[in-house]
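Peer 1: Here's my sequence, what's the structure:
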Amino acid sequence: MYLGKVIGSVVSTKKDESMRGRKLLMVRPMLIDPDDPSKFKAGANTIIAIDTLGAGEGELVMLAQGSSARQANGLKEVPVDAAIVGLVDTVSILGQRTYEAKNS
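Peer 2: Numbering: from 1, shown residues only. As a prediction, the model looks like this:
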């Protein structure tokens with residue numbers, strides 16, 4: 001499982017029938033900054049993930065990838081490689097709170 005920040009959405013009118021009505025979001029994985037382990041920095045890649053929880057742009061989320069993504073409720077038969085499986089309220093690293101959701 002990974003942490004990532006939702007940076008946008010994807011709309012696809014033609015897709016596999018099992019994905020019809022599913023929200024797709026662009027997620028940028030977040031890494032611990034090697035220069036300051038109490039902070040995050042954005043990774044270089046971007047992942048398109050199916051949203052199972054109603055995440056929004058700018059939110060920090062937990063992301064499952066590969067066969068683990070299909071273990072999320074209702075995704076067993078859906079051809080996905082990444083799924084948002086958690087909305088993050090807070091993160092603490094080395095005893096310091098490094099993230100707190102605005103509405104937590």
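Peer 1: need the contact list for residue 58.
Peer 2: Going by CB atoms under 8 Å, 6 or more residues apart in numbering, residue 58 touches 5, 6. Placement of C-beta: from N, CA and C, glycine included.
Peer 1: From residue 31, how far out is it?
Peer 2: Here residue 58 is placed at a distance of 18 Å from residue 31 (CB to CB, to the nearest Å).
Peer 1: Next: residue 75.
Peer 2: 26 Å.
Peer 1: These two: who's more crowded?
Peer 2: Between residue 75 and residue 31, residue 75 has the larger neighbour count (other CB atoms under 10 Å), namely 19 against 15.
Peer 1: secondary structure element for the closest residue to that one other than its chain neighbours?
Peer 2: Nearest residue to residue 75 in three dimensions, chain neighbours excluded: residue 83, at 6.0 Å (CB to CB, 6 or more residues apart in numbering). Taking DSSP states H and E as the criterion, residue 83 maps to strand 82-87.
Peer 1: Show me what secondary structure element comes after that strand.
Peer 2: strand 90-93.
Peer 1: hang on, the earlier thing: the residue nearest to residue 75: how many residues sit nearby?
Peer 2: Neighbourhood size, residue 83 [other CB under 10 Å]: 26.
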